Structures are given as structure tokens and as C-alpha cells.
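Asks: Quick one, fold the following:
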Amino acid sequence: LTLGLLYVLSLFLIQSCNKEQNTQPSEKNMARSAPINIPPPQVIDMDIDASDRCIYWYKNGTVSVGSSTNSTAYAARTNFTLPAGLTPANVVAIGIASNNHCYYWYSNGTVSSGTYTNATAYFSPVSFTVPAGESISNILSMSIAKVSSSYVYTWYKDGTATVGVSTNLGSIRSSYPYYLPAGETISNIAGIGIAGSNDHTYVWYINYGSFVSFTYVSAGYTNIFNAYFNPVTSSF
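Replies: Numbering: from 1, shown residues only. Next up, the predicted model:
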């Protein structure tokens, strides 16, 4: 009888231990379900057309049409085409002229012109030059003024900007500094565009959090990025 009771007690203890062990996998699964790092938007560049629509080009070869705070307000993403032999990784910057012709500058030192979905609709790549002391790899973003002139503005990763034409980026004005809103850095800038109606300069940012990326836009001059308003939430 005593041996029988001991056997029953042993089975009870074994089952209790198994129940405790069975709770551990679910607790581990809960830990795995914590927020994971969300990568930032893979944007090539942004610009603004003559009707003040904002065009967003992405590294996966798509483009969308929206407002300054909503990248798909007018048209969802669709594919765009580039010259033969070039990929989105070769695109350095994109700018839109007052006639809505889109200019694409490439890492091989050429520029083409077309629509926002066809980079060579108007002309195939031709060579362009950067100012002395600058390099193509140092280009941060580009845009084209649509009201005051048809000049091409280029912003560089060293905190300076120049003004020129599509094939000579420093032919109008040599290097001058630009200034960001408090709390923003050059590495946060995702794209810069000049509006079609008033030449206000819009600057989009990506701020990196622990688990998610936050996107913003400000507006100002070509050298003071928050002269009109400080960064507000944007979606791109």
C-alpha cells in the first residue's frame, strides 16, 4: 500500500513539472512578438511639379503622386523606366521643370529628361558636370525653380548648395551654406523639392527611432529649410 501511494505521488509531481515546462515556450513566443525594427522608406528623391503635386521616386523602381504630407494622395505607386543599362541604384537625383519635364541625374555623370514614369521620353542621357570641389557621390538632392527661373538647385551632403543648369550644376551660383531645423541632420534628409506655384522649398526627413522610422516635411528657402514652417508629420 505504501509503495502504491508513493507511485501515485510520483506521477503527480511529474505531471506538475511538465505543466510548468509547458508554459515556457509561450512566454518565449511573447518575447519574440515584441516590435521589430521597421526599415525607413527607400526613397531616391522627391520633387514638386507645376501644379504643386509632389512626386516620389523609390529605389524599387516605382513612383507615386501625392501631396507634401501624403505620397499617394493622387496616384498609387507605379513603375518607372530608365535608360538601358541603368537601374534605380544609379539615379542620384531627380528634378521637375516648369513644363513638368523630369530630369534624371545618374551616378555615371549623365542626365536625361522625360516624364515621371519614363526617364528618356524627351532626350537620352548626356553628360553633366559638378562644381570644382564637389563630386557626384556627394549630391544629396536636386530640384528646379519653376517661378523665379528655370535654374537647377543642387544640395550636397557637405551642407552646401549650388545653382546652375541641368548640364552644369554650378554655372549660376557657387557654393553657399544651407541650414536645417533644430533636431534634424543632413543624414535625415530624404529629398528636397521646389514648389510650382511659389518656389517654396520643401524638405522631407526620415528620423530613426528604436523600432520605427518617422517621416516629416518642412518648408522654407533654398538655404533655410524651415523659414515657412517647421517639420510636420508626412507619409511616404
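Asks: just for this protein, where's the confidence low?
Replies: Within the chain, the segments meeting pLDDT under 70 span 1-40.
Asks: let's see it at 90
Replies: 1-41, 208-213 (pLDDT under 90).
Asks: Surely L140 is in contact with T160?
Replies: No: under the criterion of C-beta atoms under 8 Å, L140 is not in contact with T160, lying 9.8 Å apart. Backbone N, C-alpha and C define where each C-beta goes, glycine included.
Asks: more neighbours, these two?
Replies: Each of L140 and T160 had its neighbours counted (other C-beta atoms under 10 Å), and the higher figure belongs to L140 (22 against 19).
Asks: Quick one: distance of the helix or strand containing that one to the chain centre.
Replies: Assigning secondary structure by DSSP states H and E places L140 in strand 139-144. Mean C-alpha position of strand 139-144 versus that of the full chain (C-alpha atoms, centre = their mean, to the nearest Å) differs by 13 Å.
Asks: Name the residues that touch that strand?
Replies: Among residues not part of strand 139-144, those counted as contacts by C-beta atoms under 8 Å, 6 or more residues apart in numbering are 45-48, 92-98, 103, 105, 130, 150-157, 169, 186, 189, 191-194, 201.
Asks: Of those, just the buried ones, ChimeraX syntax please.
Replies: In ChimeraX, selecting the buried portion of the contacts of strand 139-144, with burial taken from 16 or more other C-beta atoms under 10 Å, looks like this:
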select :45,46,47,48,92,93,94,95,96,97,103,105,130,151,152,153,154,155,156,169,189,191,192,193,194,201
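Asks: ok, longest strand in this structure?
Replies: For the chain, the strand with the greatest residue count under DSSP state E is strand 168-177.
Asks: Could you identify the helix or strand that succeeds that strand?
Replies: Following strand 168-177 in sequence order, the next helix or strand is strand 189-194 (DSSP H and E).
Asks: Contacts only, for the residue nearest the centre of the chain.
Replies: Nearest residue to the geometric centre of the chain (C-alpha atoms, centre = their mean): V43, 3.2 Å. For V43, the contacting residues are 56-59, 190-191, 204, 206, 236, by C-beta under 8 Å, 6+ apart.
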